[in-house]
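Enquirer: Sharing a model that was predicted from the sequence below.
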Amino acid sequence: MNVLVINAGSSSLKYQLINLETKHILAKGICERVGSAEAFHKHGLDENERVIDAEMRDHDDAMALVLEALTSGPTKAVDSLDEIDAVGHRIVQGGWYFDRSVLIDDDVIAKIDELAELAPLHNKAALMGIHACQKHMPSTPMVAVFDTSFFQSLPPKAYMYPLPYELYEKYHIRKYGAHGTSHRYISERAAAVLGEPLDELKLITCHLGNGCSMSAIDHGVAVDTSMGLTPLDGLMMGTRCGAIDPAIVPYIMDKEGLDAAGVNDLMNKQSGLLGISGISNDLRSVRDASEKGDERAMLAYDMYSNSVKKYIGQYMAVMGGVDAIVLTAGVGENCEKMRRMIFAGLQPLGIVLDEAKNRQRGFEREISSDSSKVKVIIIPTNEEYMIARDTYDIVHEHSQIVPVSHAE
Ligand code: AMP
């Protein structure tokens, strides 16, 4: 079965075509700057990637180009649209409605639209992707996979904010989390790497990239996570500030003459590594500058690692210990220096890195020392595969497709 995974942003449309039986990526690409005169389409696997300048007034046009590239010419991956059995859509906000992935119908579309209040750019963009697929592939089943659904298991003591209760009742203000598909994937893979059942493990999962989030997964169930009502909360990130004293918000608005949109922009786009270093949101540039002695870059680096360290402590306390800490995404997978700083001094908590293993490159691997009570594991995330797998499972439930094994 071939599943087309779609991740639609407000001006982009990212996709992968995955064969679930072989787990091979048949094709992938992205349409960028959709709706502008500079729109272009990148299509192909690694060395065969091609960039095609193309006119794309909207997501409908982008989708038409994607399907054409998948089925014809030198970029062809399948003979016809009939060989695309289902489409899986990444949806950022599933709110209180969705605690799992679902088959898309009119009711699901209406709910995604209603939840756009909580994630205006993201959910509206996802709907454009859904409508474009409905137009071009009207009889192909579609599944919605939500970034938030993995965290619907959080207990009220973790998801409620200590604000007047009526705000929760009136506006659904609570923690929803984000990056859930990534946390779910790496927790499953970590259990496989450890050779233990997921439901017997206490895990802390860390998605450390440009966006950063951590979660506490107790016996396979997410019990806390660092992102909140929106993906601004929690850890310090590339351009996002993460958790700060909320009284700073009205104070800055007053001092800088900013309105709500202005302060929101400052916290989402001008803060984090970029805001502190004044150099970049990219950790590599901040690291290089810090190694040349730039003090603000050094501070940004220190603050980033300290932010992760504090959540490790919190989540160990929440779960009464931890068996393994799992790292993923650009920083978690690749930055040995940041990993060294995060775990420095955690020996009293039973967490010891193996310096040599930390320096090695590779795929899924353990980097803690043999004496470490707590295992530290790197798992490259694969949200697209997870979306394809959910799509396959749900479409299979609703039809008579012969199931494939997901065991790896
Ligand atoms: P992501 O959002 O997962 O793509 O991660 C992006 C972040 O990962 C950026 O801050 C990059 O600087 C960082 N990153 C990617 N590769 C490396 C590397 N080899 N060493 C250090 N940081 C890296």
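Expert: Structure received. Numbers count the residues shown, from 1 in each chain.
Enquirer: now the residue in the stretch 251-400 of the chain that the ligand sits nearest to: how far from K157?
Expert: Proximity to the ligand, evaluated over the stretch 251-400 of the chain using C-beta to the nearest ligand atom, is greatest for G330 at 2.1 Å. (C-beta placed from N, C-alpha, C; glycine too.) G330 is 32 Å from K157, where distance means C-beta to C-beta, to the nearest Å.
Enquirer: Equivalent analysis for V92, please.
Expert: Separation of V92 from K157 (C-beta to C-beta): 25 Å.
Enquirer: Compare those two (neighbour count), which wins?
Expert: Ranked by neighbour count (other C-beta atoms under 10 Å), V92 and K157 place V92 first, with 25 against 9.
Enquirer: Quick check, the more buried one in contact with D147.
Expert: Yes - in this structure, V92 is within contact of D147 by C-beta atoms under 8 Å, at 5.0 Å.
Enquirer: Is G293 in a helix, a strand, or coil?
Expert: coil (DSSP: H, G, I helix; E, B strand; the rest coil).
Enquirer: Just give the nearest non-adjacent residue to V249, would you?
Expert: Ranked by C-beta to C-beta, 6 or more residues apart in numbering and with sequence neighbours excluded, the top spatial neighbour of V249 is V263, at 5.8 Å.
Enquirer: List the contacts of the helix or strand containing that neighbour.
Expert: Using DSSP states H and E, V263 sits in helix 260-269. For helix 260-269, the external contacting residues (C-beta atoms under 8 Å, 6 or more residues apart in numbering) are 232, 239-241, 244, 249, 252-253, 256, 258.
Enquirer: Tell me the helix or strand right after it.
Expert: helix 272-277.
Enquirer: Which other helices and strands does that next one contact?
Expert: Judged by 3 or more C-beta pairs under 8 Å, 6 or more residues apart in numbering; DSSP states H and E, the packing partners of helix 272-277 are helix 283-291, helix 295-319.
Enquirer: shaky segments in the stretch 1-150 of the chain?
Expert: Applying pLDDT under 70 to the stretch 1-150 of the chain flags no residue at all.
Enquirer: Which single residue of it ends up nearest the ligand?
Expert: K14 (12.6 Å).
Enquirer: for that residue, helix, strand, or coil?
Expert: strand.
Enquirer: That one touches L4, doesn't it?
Expert: No - at 11.3 Å, K14 does not count as touching L4 under the criterion of C-beta under 8 Å.
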